[in-house]
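Peer 1: Okay, sequence plus prediction incoming.
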Amino acid sequence: MSGLFRPDSVSQLSPSSLGRRSFLRYAGLAGAAVGGAGVLAACGSSSSGGGNGSSADGSKYGTVAVQLSWLKNIEFAGEYFADSKGYYKDAGFGSVNLIAGGAASTSVEAGLGTGKIWIGMSAPQTTAPAVLEGLAAKIVGTTYQKNPFCIVSSAAKPIKTPQDMKGRKIGVQDTNQLIFNALLTANGMTPSDVTIVPAQFDPTPLANGEVDGWVSYATNEPITLASKGFQNVNFLFADYGLPLVAETLTVSQKTIDSERDKLKAFLMAEVKGWKDAVASSEESARLAVEVYGKDQRLELKEQTMEAAAQNGLVVSADSKVNGLFSMTDDLIAQNITALGKAKIDIKADKLFDLSVLKEMFAEHPELKG
């Protein structure tokens with residue numbers, strides 16, 4: 001399928017489909033925390049609102065700034081529902097400012113460190129190093145029960161397991177190098193077992209046969225490539241020794257300590273929004289394409305397919321019992337072990353605190369189902 005994507009014409013893919021993301025941005029965390037303040041401030045209000053009293057706008061909790069982990073595409077369908085259907089307002093918020101992330105933005109951890117955001121969507125492998133460097137923050141829930149990181153390859157020359165990568169060329173983005181090396185470690189392999197080809201986020205080299213495999217998101221590039229006629233297969237990192245969660249809700253420790261009711265109210269609205277998102281891939285896609293991500297030139301069909309794919313990561317057997325965003329003790333332990341394979345050593349209680357979410361579900365058990 002050589003020539004399917006012209007190397008000089010990235011525009012054949014929508015902006016939010018150009019591969020995925022730099023989850024591992026913590027290397028420049030200190031600098032980002034200093035330089036990112038203006039970026040976040042320029043995006044809109046960053047006020048966290050009043051604690052548990054009345055705010056200036058008359059609402060209980062005022063306005064909060066929420067940083068998304070990426071551009072406004074289907075990945076944040078639950079937040080779109082929570083906003084558009086008034087769940088945030090019902091929970092006591094005057095407004096919730098959804099700030100787009102992306103390659104040019106600062107990390108969620110940097111935003112929390114400067115106080116420019118109140119909560120953000122991140123990942124364990126990003127938050128843990130920041131915590132180890134002194135950031136007082138914790139993960140209080142997770143949107144994805146399974147991390148979507150995968151290796152995608154041509155269906156004509158499939159790579160179905162880590163062992164199949166041996167001797168093959170794999171496109172790896174610089175920011176995903178650490179997590180890729182962790183995949184190798186988890187499967188008894190080393191970087192010398194494969195040929196690592198430095199890559200950006202546009203999967204053109206895979207479509208043109210320049211590499212055999214590509215680090216991507218299972219909910220993104222495989223669907224985008226297939227829609228352009230490039231048949232492909234993929235395997236999840238999570239199924240081969242790296243069961244990390246993703247799109248984790250991360251807040252500062254002071255929020256957990258002093259704004260517990262406010263955080264609980266936010267989580268309630270989030271759960272309601274994501275229950276709606278899971279129930280309707282079509283409406284999720286419409287909100288992404290026509291409303292919240294209308295400036296991203298998203299394609300409705302692709303976004304609908306991606307919404308259906310991500311639902312399989314949002315809902316699990318455990319979340320059906322314990323509620324969306326929840327994590328069992330076993331899943332937390334698996335994440336700590338997986339982080340160790342990425343040479344990130346941290347204790348579970350230093351990174352995770354699911355107590356507020358558990359309290360919310362105890363008070364609203366009807367939201368579990």
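Peer 2: Great, that's in hand.
Peer 1: Can you tell me the SS state at the residue nearest the centre of the chain?
Peer 2: The chain has Glu247 as the residue nearest its centroid, 3.1 Å off, counting by C-alpha atoms, centre = their mean. Of the three states, Glu247 takes strand according to DSSP: H, G, I helix; E, B strand; the rest coil.
Peer 1: Thr250 now?
Peer 2: Secondary structure of Thr250, per three-state DSSP, is strand.
Peer 1: wouldn't it be in contact with Gly111 here?
Peer 2: No - if you go by C-beta atoms under 8 Å, Thr250 and Gly111 don't touch, sitting 9.7 Å apart. To be clear about C-beta, it is placed using only N, CA and C from the backbone, and glycine gets the same treatment.
Peer 1: what do the two both touch?
Peer 2: Overlap of the contact sets of Thr250 and Gly111 (by C-beta atoms under 8 Å, 6 or more residues apart in numbering) consists of Gly120.
Peer 1: quick one, what contacts the closest residue to Tyr240 other than its chain neighbours?
Peer 2: Closest residue to Tyr240 apart from its sequence neighbours, by C-beta to C-beta, 6 or more residues apart in numbering: Pro162 at 5.2 Å. Listed by C-beta under 8 Å, 6+ apart, the contact partners of Pro162 are Ile151, Leu183, Leu184, Ala186, Asn187, Met189, Phe235, Tyr240.
Peer 1: in what helix or strand does Ala285 lie?
Peer 2: Under the criterion of DSSP states H and E, Ala285 resides in helix 281-286.
Peer 1: re the thing from before, format the contacts of Pro162 as JSON lines; extra columns: secondary structure, neighbour count and distance to Asp212.
Peer 2: Below are those laid out as JSON lines (DSSP: H, G, I helix; E, B strand; the rest coil; neighbours: other C-beta atoms under 10 Å; distance: C-beta to C-beta, whole Å):
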{"residue": "Ile151", "secondary structure": "strand", "neighbour count": "28", "distance to Asp212": "9"}
{"residue": "Leu183", "secondary structure": "helix", "neighbour count": "25", "distance to Asp212": "15"}
{"residue": "Leu184", "secondary structure": "helix", "neighbour count": "20", "distance to Asp212": "15"}
{"residue": "Ala186", "secondary structure": "helix", "neighbour count": "19", "distance to Asp212": "20"}
{"residue": "Asn187", "secondary structure": "coil", "neighbour count": "17", "distance to Asp212": "17"}
{"residue": "Met189", "secondary structure": "coil", "neighbour count": "16", "distance to Asp212": "15"}
{"residue": "Phe235", "secondary structure": "strand", "neighbour count": "21", "distance to Asp212": "13"}
{"residue": "Tyr240", "secondary structure": "coil", "neighbour count": "16", "distance to Asp212": "17"}
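Peer 1: Give me the distance between the residue nearest to the centre of the chain and Gly113.
Peer 2: Using C-beta to C-beta, to the nearest Å, Glu247 is found at 20 Å from Gly113.
Peer 1: Equivalent analysis for Val291, please.
Peer 2: 31 Å.
Peer 1: More neighbours: which of the two?
Peer 2: A count of neighbours by other C-beta atoms under 10 Å puts Gly113 above the other of Val291 and Gly113, at 25 against 12.
Peer 1: where's the more buried one, which helix or strand?
Peer 2: Going by DSSP H and E, Gly113 is part of helix 108-114.
Peer 1: tell me what the one helix or strand Val140 maps to is packed against?
Peer 2: Here Val140, judged by DSSP H and E, is contained in strand 137-144. With contacts taken as 3 or more C-beta pairs under 8 Å, 6 or more residues apart in numbering; DSSP states H and E, strand 137-144 sits against helix 108-114, helix 124-132, strand 246-252, helix 253-258, helix 260-279, helix 300-314, helix 348-351, helix 355-363.
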